[in-house]
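# Requesting a structural model of the entry that follows:
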Amino acid sequence: MQAKESCSLSGDQPVDNPADLTAEYPIVEIFHSVQGEGMHAGVPHVFIRFGECNLRCEWCDTDFLTHETKTALDILGDVMAYPSKRIIFTGGEPMLNDLWPLHRLLKARGYSLSIETNGTIEVPEGMLDWICVSPKDQIYPNAVIRQRTGDELKCVYLGQDLTMYHDLQQGFKHIFLQPCYMDQESVEWNGRNFAHTETIVKTNPPWRLSLQTHKWMGVD
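Numbers count the residues shown, from 1 in each chain. Here you go, the predicted model:
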């Protein structure tokens, strides 16, 4: 990227640490859409989807092994092309990366930063404005959930006993149960799974139902 473009992204103010601008990240995609699930469903965000993950969930809809290396400056250029000032770090597992350079660059430009993480890596204090933990210990019983506080706990329902989250849920303001959506299964199979999850939510307060509405809309 040319120096002129770099100055433009910096708001023509030489306030950025050059080391932050050259930090590199494995990026699957950066796109502008509405959040489809959880507490902020329907709110436009810019999604930064990181490559690589320390887990392998069968329902994951991301090819996180296919990615390209982008500098933080490249990422700024992509993000600033969109009108939304809300960012979601997702993956893969974004906490496999040092997110402080992106934090500094994006917060300096007025962005609100959220994360969707499996919780196996603790989020540093003060890094993010909204923390959503989606634990996968229902299929990885040996996975240690180290991020035990946050704004949103979102659990994919596979028939597990919800009492397994009793201690964990105390650290979160909002708790959601989300039916497992499987692309390779039939509409009928997914429909039954949705209905069953809704029944579980009705009989287990204070859990709330979260649905992946973006998949119904046919958007990312």
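
# Please count neighbours and contacts with C-alpha atoms only from this point.
Fine.

# Next one: Gly51 relative to Met39, how far apart?
Between Gly51 and Met39 the distance is 24 Å, computed by CA to CA, to the nearest Å.

# Double-check that Ile30 belongs to a strand.
Yes: assignment of Ile30 by DSSP: H, G, I helix; E, B strand; the rest coil places it within a strand.

# ok, it - contacts?
46-49, 78-79 (CA atoms under 8 Å, 6 or more residues apart in numbering).

# let's see it at 7 Å
By CA atoms under 7 Å, 6 or more residues apart in numbering, Ile30 lies in contact with 47-49.

# now, which of these lie within strands?
Counted as lying in strands by DSSP state E, out of the contacts of Ile30, are 47-49.

# Rebuild those as TSV, extending it with neighbour count, distance to Gly126 and pLDDT.
Below are those laid out as TSV (neighbours: other CA atoms under 10 Å; distance: CA to CA, whole Å; pLDDT from 0 to 100):
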residue	neighbour count	distance to Gly126	pLDDT
Phe47	23	20	97
Ile48	22	19	98
Arg49	23	21	96
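
# buried stuff in the longest helix along the chain?
Ranked by residue count under DSSP state H, the longest helix found in the chain is helix 187-202. Residues 190, 193-194, 197-198, 200-201 are the ones in helix 187-202 that count as buried (16 or more other CA atoms under 10 Å).

# which residues are contacting the helix or strand hosting Ile131?
Following DSSP states H and E, one finds Ile131 within strand 130-133. With CA under 7 Å, 6+ apart as the test, strand 130-133 has contacts from 113-119, 150-154.

# Surely Leu73 is in a strand?
No: Leu73: not assigned to a strand; according to three-state DSSP it is helix.

# Retrieve the pLDDT associated with the spatially most central residue of the chain.
The C-alpha lying nearest the average C-alpha coordinate of the chain belongs to Glu116 (CA atoms, centre = their mean; 2.5 Å). If you check Glu116, the pLDDT there is 97.

# check contacts around it.
By CA under 7 Å, 6+ apart, the contact set of Glu116 is 89-90, 131-133.

# Need these in CSV (columns: distance to Ser186 and pLDDT).
Shown next, in CSV, are the contacts of Glu116 (distance: CA to CA, whole Å; pLDDT from 0 to 100):
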residue, distance to Ser186, pLDDT
Phe89, 30, 98
Thr90, 27, 96
Ile131, 32, 98
Cys132, 29, 98
Val133, 28, 98
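
# quick one: which of those residues is nearest to Pro83?
Phe89 (17.0 Å; CA to CA).

# my guess is that closest one meets Thr117, correct?
No: between Phe89 and Thr117 there is no contact under CA atoms under 7 Å: 8.4 Å.

# of the two, who's got more company?
The neighbour comparison of Phe89 against Thr117 (other CA atoms under 10 Å) goes to Thr117, with 26 against 22.

# List the beta-bridge partners for that one.
Beta-bridge pairing for Thr117 (DSSP bridges): Val133.
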